[in-house]
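Novice: sequence below, structure please.
(chains A and B)
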Amino acid sequence: MTENHTTPQRPELPPSWNPTEVEGELYRSWVDRGYFTADASSDKPPFTIVLPPPNVTGSLHVGHALNHSVMDALTRRRRMQGYEVLWLPGMDHAGIATQNAVERDLAHSGMSRHDLGREKFVERVWEWKAEYGGRILDQMRRLGDGVDWSRERFTMDEGLSQAVQTIFKRLFDDGLIYRAERIINWCPRCQTALSDIEVDHSDDDGELVSIRYGEGENSIVVATTRAETMLGDTAIAVHPSDERYQHLIGTEVEVPLTGRRVPIVADEHVDPEFGTGAVKVTPAHDPNDFEIGQRHGLPNLTIMDGRANITAPGPFEGLDRFEARPAVVAALRDEGRVVAEKRPYVHSVGHCSRCNTVVEPRLSLQWWVRVEPLAKAAGDAVRDGRTTVHPPEMTKRYFDWVDNLHDWCISRQLWWGHRIPVWYGPAGEVVCVGPDEEPPTGEGWYQDEDVLDTWFSSGLWPFSTLGWPAKTDDLAKFYPTSVLSTGYDILFFWVTRMMMFGLYAMDDAQPFDHVYLHGLVRDANGKKMSKSVGNVVDPLEWMDTYGADATRFTLLRGANPGSDLAVAEEWAAGSRSFTTKLWNATRFALSNGATTDRPVPPREELTDADRWILDLLDQLVSDVDEQFEAFQFARVCEALYHFTWDEFCDWYLELSKVQIAEGGARAESTQAVLGHVLDVVLRLLHPLTPFVTETLWTTLTGGESLVIAPWPTTTGAERDAVAAERIDGVKKLVTEIRRFRSEQGIKPSAKVAGKVRGACCVDLADQVPSVRSLTRLTEPGDEFAVTVQLEVALAKGAVKVELDTSGAIDVEAERKRLSKDLAVAEKEFAQTGAKLNNPAFTDKAPADVVAKVQGRRDAAAAEIERVNARLAALPQA
RNA sequence: GGGCGCGUAGCUCAGCGGAAGAGCACUCGGUUUACACCCGAGCGGUCGCAGGUUCGAACCCUGCCGCGCCCA
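Specialist: Down below sits the predicted model:
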């Protein structure tokens, strides 16, 4: 190693990278220096991402970690590219989840929210939020999220609440919000209505009971999984063209156990193929039955209360629905009305997405959004290309959704949330109050008790967070936002609602230009993670063990568009190895005088190895850019990993040792190339692994911070094909010699005397010292005695390597090695020969393809000849 | 039932018309002055099955068989 006195000394890197010791402080310094604070008055082009607001009760799970890694990578790259970047963080108030959390706490002290009263309870929730809410925000800091903390928002903030009231009023005045009595999804535990997407369906074991209504030839059999609802039946329905029941249509039957007589109606909706083709109709407890009821003017008979206890007078009154079910079946059985019972009967059952209670369809007066015009606009924005969905396969799913959206139930029977801004008057008046208006006062006036669905406020997020409805500088600068990133399972939650509201509120300007949908994170075997299975990965544990960079890199490396990703601890360990490799490579380069203080010398002064690695680097920059633009994060990672490890570390660093050992100008130019390549690679890696790259880069360059360093661009230099071919030759030659050594059992550290002959004939004369160095060949001395010859076929011809292995070689091992080479060559010769002997191929395939195959056959033929000669020359066993 | 997607090395996945790839795992060797979180060498695949198109198919088309997800 030569000492270089022209290079100022950089602080030395510690021998190993200890992420947990460094990451926190680095992150604080970035925030303190204001790198993540956006400037609305900037002239730079904007790049905006609003964080899909996590739940205030939540903590960072591995799906978040992936999504945040994506958003951080996108924003960090744009920042380096010179954009005015705003990544806006915050949380939503999670109406049901938060209220549940606080109610649970209250229950510990034997209280319910009703004991406190509404006002006090809401106060308590705010206190809860201050104390426990927002754990996830600290976890975001751990991960390195470059968010603008000065713009952090919460859906219940004053400004955002005003946005909610504003849009409610506007929609109300436009006739897009209305109040109606319909069947809604009711959670008997949370005591509130739910929208369709807050209900999770699963196939559960139930029962299918067939019940005979009526007597004799006027009887009719219906099957049901919810026998207890028969107490609320107000009709039987059959398909109008079902011949079996023509004689019954228009007649009446008695509903067993109730004595109530109900009509048999004909309705197109009934599926004659299912069961007996006849269904019981319970309009107040089933959405389909409700519609049948509407069509036929049937009464809606409610037989359960909000707790799902039976209210129908009689022996079942007061029973819970699940107690009532067997009781009703038993009573029917006693009357001889049960025709068949099937258990278990697997069928789809809806559950509350917050507490998993079985949802009860319930007739109820609620507030609704008429989504049709909004959904149409949301579809059009994607159809017109104003918003692009990545990956494109998801676009169809988006259309299917927005084109078939039911009206949205937005009222919730909760206390925590935005209260519906509607007042009712003593004479039946209904007044919607805007944010700048005074609600009506006086005798008999009162406000609607309900609050709005949390999604109603988070649907405004892309613009309410920027100050809307005020015409703020932020809104002007940063809306429409650039990318919305989320898991494809959340497509219908965030994306569609934000699209509908964004287009409506912002004069048809889309809320985001791109929607990126990542896959779900699964365990090592591709299984869904679940707490009960115990295969959940905690990203915080990974960060503790392997560092934030390795955690991020692992997730991004698996992020192939449209597909889920499997991860396991080994993956994270592999990513840590990569950061360690990068660390050691930089440490090596620095200890050998690598520098960015001197420019890379002009090309003609560089070696083939220099030009080769610089050309690869140029290609890398362009690949990384291309893949970033296409949201192909796995490919970005792969390209950088491959370049860094397999090309730069495995070959260039080794070759640079030879060049540095030369000393003088050669050493100096090599140091500049080393410095330059590392500088660029660290920049390219920074969006993925910000911490380790920042540490290495500031040490290497003395720069202020990689966060604000410019993003690399391609040089446009013409690729040096000759240098590339020479380095390929070196790699091939080195690998073949190493292979021989390995198979001969020569220790890697053992020096072997050898000669390389014929290098000049294949244009590799200058590379011989490198080859010797990488294969530990020593100069042949006076006693040099060739014990073995290798011949290595390269692009321009064969190179002969003569070795003195100090004694007999292992003939069998050598025969095995050569036989393998022969088999490969013969297979190649046969395959290429078959092609070339096929006139259809030579006639129809493009000339360059034919020429290529010809070249391969010739090379194979030469190789066969060479290997056969070597085999023949081996001593007989 | 409708839609989307997936079946490629032991595992997880790239490749999507002209020579089968990566990471991890595995085998052998290694105190090589950046790195054992490493280095070197190696093993491992009729690319789900069957047809078709093409000079040529893992890749395009059709059917089938498995698996996953979304919607009803």
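
Novice: and the strand or helix carrying A:His64 with RNA strand B, contact?
Specialist: Element membership for A:His64 (DSSP states H and E) is helix A:62-80. No - contact between helix A:62-80 and RNA strand B, assessed by CB under 7 Å from any atom of the strand, is absent, since the two come no nearer than 13.7 Å. Any C-beta I mention is one placed from the backbone N, CA and C, and that applies to glycine too.

Novice: same thing with stretch A:721-733?
Specialist: No - in this structure, stretch A:721-733 remains apart from RNA strand B according to CB under 7 Å from any atom of the strand; the gap is never smaller than 8.5 Å.

Novice: CA-only coordinates of that stretch in CSV, if you can.
Specialist: What follows is stretch A:721-733, C-alpha atoms only, in CSV (Å, rounded to 0.1, in the frame of the first residue of the first chain):
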residue,chain,number,x,y,z
ALA,A,721,-16.5,-2.7,-25.5
VAL,A,722,-12.9,-3.6,-25.8
ALA,A,723,-12.3,-3.0,-22.1
ALA,A,724,-15.4,-5.0,-21.3
GLU,A,725,-14.2,-7.9,-23.4
ARG,A,726,-10.8,-7.8,-21.8
ILE,A,727,-12.2,-7.9,-18.3
ASP,A,728,-14.5,-10.7,-19.3
GLY,A,729,-11.3,-12.5,-20.4
VAL,A,730,-9.7,-11.9,-17.1
LYS,A,731,-12.7,-13.2,-15.2
LYS,A,732,-12.9,-16.3,-17.4
LEU,A,733,-9.2,-17.0,-17.1
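
Novice: residues in contact with the residue nearest to A:Phe501 when sequence neighbours are not counted?
Specialist: Spatial nearest neighbour of A:Phe501, chain neighbours left out: A:Gly459 (4.4 Å); criterion: CB to CB, 6 or more residues apart in numbering. Under the criterion of CB atoms under 8 Å, 6 or more residues apart in numbering, the neighbours of A:Gly459 are A:497-498, A:500-501.

Novice: so what's the gap between the helix holding A:His64 and the chain middle?
Specialist: Here the centre of helix A:62-80 is set off from its chain's centre by 10 Å, with CA atoms, centre = their mean, to the nearest Å.

Novice: any idea how far the following helix or strand past that helix is from the middle of the chain?
Specialist: Toward the C-terminus, helix A:62-80 is succeeded by strand A:84-88 as the next helix or strand (DSSP H and E). Centroid separation between strand A:84-88 and its chain, computed with CA atoms, centre = their mean, is 20 Å.

Novice: tilt between strand A:84-88 and helix A:62-80?
Specialist: 160 degrees (axes from the mean of the first three to the mean of the last three CA atoms, to 10 degrees).

Novice: isn't there a helix covering A:His514?
Specialist: No - note on A:His514: no helix contains this position according to DSSP: H, G, I helix; E, B strand; the rest coil, which reports strand.

Novice: just checking, it touches A:Arg386?
Specialist: No - the pair A:His514 / A:Arg386 is not scored as a contact, 10.4 Å apart, by CB atoms under 8 Å.

Novice: check what pLDDT A:Val673 gets.
Specialist: If you check A:Val673, the pLDDT there is 97.

Novice: three-state assignment of it?
Specialist: helix.

Novice: likewise A:Pro361?
Specialist: Here A:Pro361 is strand, with the state taken from three-state DSSP.

Novice: ok, the nearest residue to it once chain neighbours are set aside - how many residues close by?
Specialist: Closest residue to A:Pro361 apart from its sequence neighbours, by CB to CB, 6+ apart: A:Ile183 at 5.0 Å. Neighbours of A:Ile183 under the rule other CB atoms under 10 Å: 22.

Novice: which stretch of helix or strand covers A:Ile183?
Specialist: Using DSSP H and E, the element containing A:Ile183 is strand A:177-187.

Novice: for the stretch 451-600 of chain A, what lies in contact range of RNA strand B?
Specialist: With CB under 7 Å from any atom of the strand as the criterion, the stretch 451-600 of chain A meets RNA strand B at residues A:489, A:492, A:522, A:524-526, A:528, A:558, A:560, A:562-566, A:570-571, A:573-574, A:576-577, A:579-581, A:584-585, A:587-588, A:591.

Novice: right, I'll leave it there.
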